[in-house]
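[1] Predicted coordinates and the sequence they were generated for:
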Amino acid sequence: MFKKVLVANRGEIALRVIRALREMGLESVAVYSTADADSLHVKFADQAVCIGPPPSRQSYLNIPSIISAAEVTGADAIHPGYGFLSENAEFAEVCRKCNLTWIGPPPDAMRLMGDKIRARAAMAAAGVPTLPGSSTIGSEAELIENANRIGLPVILKAAAGGGGRGMKIVTDPNRLVDAWNTGRTEALAAFGNPDMYMERYCQRPRHIEIQVAADKHGNYAHLGERECSIQRRHQKVIEEAPSAALLPETRAKLTAAAVRAISTIGYYNVGTLEFLLDTDGSFYFMEMNTRLQVEHPVTELTMGIDLVREQIGIAAGERLTFDPSAIRKPRGHAIEMRINAEDPDNFAPWPGKITALHMPGGLGVRVDTHIYDGYRVPSNYDSMIAKLIVHDIDRPHALARARRCLDEIVIEGPRTNIPFVRRIIDHPEFIAGDFDTGFVGRMLAERAAAS
Ligand code: MV4
């Protein structure tokens, strides 16, 4: 096992990893930008190294600075958290070259999943369902041929995209060429790669993801699903486990497909396969995230497994702490609500000093946050300041607990999206479990029309 681990991240996830390290008896090294000097992750780590000025490019994305911090502190491994460098295969390889263990998957698997076209092909080859689609579209003729074969509507996606960035839905045949050209230009500017591919467009799907974990000894496991359909502009707002929409036989097929996928590619560490679930119960692979996810706590609470501890153990060459072949049923129901410092009416970030703070507590309540009374939310990073996660025997009880917790929270200073979260969890269709990825958009459109 390692002695000292550098955490290449900030905010709540840096704290989450530092807590796991402390419980495992390992030393932690925090890195921070000058904007984060007063952050809790800096205070809670055993050591902390300033790695640069506020902009992420010069600090949390600055590979030489982070490697130097690991070298001067004598760390033997790096945990990347989520976002920032967590899906950067080159960073993973640089760590290895510097004799720092990468607490994450094999770089080749990261690279494969980073290319959405190659990932789709690899998953189809592993027998995982994918939507009818194309490979890289090389010409206008190929574009039209594929659209004719698949049938409109189609969705154009960037090979280097992901998370919903750079997607174009085409319903009108006259818009096809224009959408492809615009998409290519945008993809080149955003990702440095103009390649686009096409899929049949699935209307009103649910976004269901499967948590997987594997060690370096060939043990492959799934830890059930998370329902992530409640999102606004591809940013998840509420996630839950289990999904109210999955029939037991669909769940069995989905989880089996996910395990088959990771064993085929020889994956290890934790990861998430994202699927679209269609209204008829069919499901299709979308992409794989080769890292810990923001919403991992709902799986931890329902499965009783510490995913960060698993990650560290796996990287150190240990076996999974649980039996991968045992059928694990989720215990009760967990719901995560992301709390952002933002204007609840227009979603504009709202940085600034926290002048009063009270977080909820009690049975079945977990709050993952780096904020405290007097903390200043910097304007340089994303606006998520806390995750409120509730757990209870079933979904109705978990929803009641969620409402009780939202009533207890006090955050003064920046405004937050709590009123928006509250409107979702009080919405009759959300309560009934009757929603898809278009739910938030429709809810906001109705509200705009009513005012
Ligand atoms: C789709 C889709 C429908 N059909 N692909 C969004 C995130 C990315 N990982 C995949 N995403 C989607 N891919 C096909 N073939 C719907 C989504 C999608 C979505 C699309 C438009 C607006 C909001 C959305 C929310 C979740 C998923």
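    Cool, got the structure. Residues are numbered from 1 along each chain as shown.
[2] any weak-confidence spans in the stretch 101-250 of the chain?
    Within the stretch 101-250 of the chain, the set of residues satisfying pLDDT under 70 is empty.
[3] Return the residues of it in contact with the ligand.
    Contacts of the stretch 101-250 of the chain with the ligand, taken as Cβ under 6 Å from any ligand atom, map to 131, 155, 163-164, 199-202, 205, 207, 231, 234. Bear in mind the C-beta positions are built from the backbone N, C-alpha and C, glycine included.
[4] Can you point out the buried residues in the lengthiest helix in the chain?
    Longest helix in the chain, counting residues (DSSP state H): helix 248-265. Counting neighbours by 16 or more other Cβ atoms under 10 Å, one finds that the buried residues in helix 248-265 are 250-251, 253-255, 257-259, 261-262, 265.
[5] Which helix or strand contains whatever residue of the stretch 251-400 of the chain ends up closest to the ligand?
    Per Cβ to the nearest ligand atom, residue 286 is where the stretch 251-400 of the chain lies closest to the ligand, at 4.5 Å. In this assignment (DSSP states H and E), residue 286 forms part of strand 283-289.
[6] Within the sheet, what are the partner strands of that strand, with directions?
    Strand 283-289 has the following strand partners under DSSP bridges: strand 269-277 (antiparallel).
[7] quick check: angle from the strand holding residue 286 to helix 248-265?
    50 degrees (axes from the mean of the first three to the mean of the last three Cα atoms, to 10 degrees).
[8] Chain neighbours aside, what residue packs nearest to residue 224?
    residue 330 (5.4 Å; Cβ to Cβ, 6 or more residues apart in numbering).
[9] How about residue 66?
    residue 8 (5.2 Å).
[10] Can you report how many residues lie near the nearest residue to residue 380 once chain neighbours are set aside?
    Spatially, and ignoring its direct neighbours in sequence, residue 380 is nearest to residue 54 (4.4 Å; Cβ to Cβ, 6+ apart). Number of residues near residue 54 (other Cβ atoms under 10 Å) recorded here: 15.
[11] For residue 54, give me its contacts.
    When contacts are counted by Cβ atoms under 8 Å, 6 or more residues apart in numbering, residue 54 touches 33-35, 378, 380.
[12] Just the buried ones from those residues?
    33, 35, 378, 380.
[13] pLDDT score for the residue nearest to the second one when sequence neighbours are not counted?
    Okay, so that is residue 35. Of all residues not flanking residue 35 in the chain, residue 54 sits nearest, at 3.8 Å (Cβ to Cβ, 6+ apart). For residue 54, the model assigns a pLDDT of 98.
[14] Look up how far residue 431 lies from residue 54.
    The gap separating residue 54 from residue 431 is 41 Å, by Cβ to Cβ, to the nearest Å.
[15] ditto for residue 389
    Applying Cβ to Cβ, the value for residue 389 to residue 431 is 19 Å.
[16] Over to residue 233?
    According to Cβ to Cβ, residue 233 and residue 431 sit 23 Å apart.
[17] who has more neighbours, the two?
    Between residue 233 and residue 431, residue 431 has the larger neighbour count (other Cβ under 10 Å), namely 14 against 8.
[18] contacting residues around the more buried one?
    Residue 431 touches 399, 425, counting by Cβ under 8 Å, 6+ apart.
[19] repeat for residue 112
    118-119, 122, 265.
[20] just the angle between the host helix or strand of it and helix 248-265, please?
    Using DSSP H and E, residue 112 maps to helix 107-114. Using the same axes, to 10 degrees, the inter-axis angle of helix 107-114 relative to helix 248-265 is 130 degrees.
[21] just how off-centre is helix 107-114 within its chain?
    Going by Cα atoms, centre = their mean, to the nearest Å, the spacing between the C-alpha centre of helix 107-114 and its chain's C-alpha centre is 16 Å.
[22] Alright, I will stop here.
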